[in-house]
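Colleague: just coords:
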C-alpha cells in the first residue's frame, strides 16, 4: 500500500500563491504517475493536473492552465503543485493520487489512480 501525504494548503487572498506538496516513499523512481485533484464544497471531484512517471508529460484542466504548474523531484520523493493567481473558485480540498498507468487526457486521469492521500484544504478568500 503506497502512503501519500499532502501538505501546503491554507488560506490565501485572491491573486496569491500556494505550493502544494505530495510526498511518498514510492516517488523515488519512475514507478508512479501522479495527479492532483480537488473537490469544492458541494461539488464533485475534478482533476486539476497530472504528471507521468518520467516527469516528461503533464496535463492541466482548462480552468488552471497557465496558473498552476506540476513538477516532481525524485530526490525529495515529492510532487509539487505551484498555484499562482489564485481565485475564489480554486477553493476546495486538494488530493494527491498515484498510479502505475498514465492517462494523458485530464478527463481520464482518475482511471489510472490507485492510491490517494487524505487531502489538504485550500481556501481563497479576502
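Modeller: Noted; the coordinates are in hand. All values reported here derive from a predicted model rather than from experimental measurement. Numbers count the residues shown, from 1 in each chain.
Colleague: going forward, measure contacts between C-alpha atoms and count neighbours the same way
Modeller: Fine.
Colleague: contacts only, for the residue nearest the centre of the chain.
Modeller: Taking CA atoms, centre = their mean, the centroid of the chain lies closest to residue 36, which sits 2.1 Å from it. Contacts for residue 36 were tallied using CA atoms under 8 Å, 6 or more residues apart in numbering; they are 47, 48, 49, 50, 81, 94, 95, 96, 97.
Colleague: how about residue 125?
Modeller: 11, 12, 13, 14, 87, 88.
Colleague: how about it: what's its closest non-neighbour residue?
Modeller: residue 13 (5.0 Å; CA to CA, 6 or more residues apart in numbering).
Colleague: tally of neighbours for that neighbour?
Modeller: By other CA atoms under 10 Å, the residues close to residue 13 number 14.
Colleague: so residue 26 touches residue 2, yeah?
Modeller: Yes: judged on CA atoms under 8 Å, residue 26 makes contact with residue 2 at a distance of 6.7 Å.
Colleague: okay, these two: which has more neighbours?
Modeller: Using other CA under 10 Å as the criterion, residue 26 and residue 2 rank with residue 26 on top: 17 against 14.
Colleague: circling back to that earlier point, so how far is residue 87 from the residue nearest to residue 125?
Modeller: Counting by CA to CA, to the nearest Å, the separation of residue 13 from residue 87 is 8 Å.
Colleague: show me where the protein has strands.
Modeller: 5-7, 10-12, 18-23, 33-39, 45-51, 58-60, 68-73, 78-83, 92-99, 115-116, 120-124 (DSSP state E).
Colleague: for the record, mean pLDDT for the third one?
Modeller: To tie it back to what came earlier, the one meant is strand 18-23. Mean pLDDT, strand 18-23: 98.
Colleague: cool, thanks, talk later.
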